[in-house]
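In: Just the structure for this:
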Amino acid sequence: MFKAATVAATAVGGFMDGNILDRLDFGLGLVSTARSHIDGGIYDGVCANGSVEEGKQVHGMVMKIGLEDDEFVLINLVRMYVMCGAMEYAHVLFNSNKMGDTHPNYVTLVTVLPAISRLGALELGKWVHLYAERNRFGIDEVLGSALIDMYSKCGSIDKVLQLFESLSQKNVITWNAILGGLAMHGRGKDAVDFFLKMQQAGV
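Out: Next up, the predicted model:
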């Protein structure tokens, strides 16, 4: 199974790098590969060529070799579809995949939000936020910061402020996210006010 996972990861990485055939040929010859090496290949250059059809071919290959329930592969398939702008595919996969006892888990949410942010896909971002709340994941500093960044880049500054105030715990990343969001939307005075609040909080 590990060899199959290596092949799948290499194929998805190859698609994202725009070199699917070469990477797939290479992947088929692998016997074992360090997990950290696979991670690097997956997360670099997500969906560089933007071809949904090629992405669907990779997805089909993943299912054919029996890795449709592999958490690592699924996370990257969701990100691949998001980066290609195929929100309907990302949404269906996100909502239907099985990762242990959950559909999808905390790691999936944190991983996919930056891709949603880069595309400005506000509706999908709202769905992820609602999903987290309904499934009681607990929006901590990490997930909260990712959501704040997503809402900022998707143009929903009011939601940014509402979410920030609702967080029970805030770290330096959370504060930087709110400051960056306010600056991005030209709210310099508010950014200064929040910076002073951050200093008062001892962050």
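
In: All the helices of this protein, residue numbers only.
Out: 2-16, 20-28, 35-43, 52-64, 71-83, 87-96, 106-119, 122-134, 141-153, 157-166, 172-184, 188-200 (DSSP state H).

In: Low-confidence regions, the chain specifically.
Out: Along the chain, the parts satisfying pLDDT under 70 run over 1-51, 67-72, 94-104.

In: Would you mind giving the domain segments of it?
Out: According to automatic domain parsing, the chain comprises the domains 1-99, 105-203.

In: For residue 91, the count of nearby residues, please.
Out: 18 (other CB atoms under 10 Å). All C-beta spots, glycine's among them, are computed from the backbone N, C-alpha and C.

In: From residue 112, how far out is it?
Out: As for residue 91, its distance to residue 112 is 11 Å (criterion: CB to CB, to the nearest Å).

In: Likewise for residue 165?
Out: Taking CB to CB, one finds residue 165 at 24 Å from residue 112.

In: ditto for residue 176
Out: 21 Å.

In: dump the residue contacts of residue 163.
Out: Contacts for residue 163 were tallied using CB atoms under 8 Å, 6 or more residues apart in numbering; they are 129, 139, 144, 147-148, 151.

In: Could you check how many residues crowd around residue 66?
Out: With other CB under 10 Å as criterion, residue 66 counts 12.

In: meant to ask about residue 136
Out: Residue 136 has 7 nearby residues by other CB under 10 Å.

In: before we move on, the earlier item: who has more neighbours, residue 165 and residue 112?
Out: The neighbour comparison of residue 165 against residue 112 (other CB under 10 Å) goes to residue 112, with 25 against 9.

In: how much space between the closest residue in space to residue 187 that isn't next to it in sequence and residue 121?
Out: Nearest residue to residue 187 in three dimensions, chain neighbours excluded: residue 157, at 7.0 Å (CB to CB, 6 or more residues apart in numbering). With distances taken as CB to CB, residue 157 is found 17 Å from residue 121.

In: The two: which is more packed in?
Out: Neighbour tally, residue 157 and residue 121, criterion other CB under 10 Å: the higher count belongs to residue 121, 21 against 18.

In: The more buried one reaches residue 88, doesn't it?
Out: No: using CB atoms under 8 Å, residue 121 is not in contact with residue 88, being 11.3 Å away.

In: Identify the residues contacting residue 146.
Out: Residues counted as contacts of residue 146 (CB under 8 Å, 6+ apart) are 109-110, 113-114, 117.

In: For it, give its distance to residue 156.
Out: 14 Å.

In: thinking again about what came up before, would you turn the contacts of residue 163 into TSV with distance to residue 198 and neighbour count?
Out: Formatted as TSV, the contacts of residue 163 follow (distance: CB to CB, whole Å; neighbours: other CB atoms under 10 Å):
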residue	distance to residue 198	neighbour count
129	23	20
139	19	20
144	15	24
147	18	27
148	14	27
151	19	26
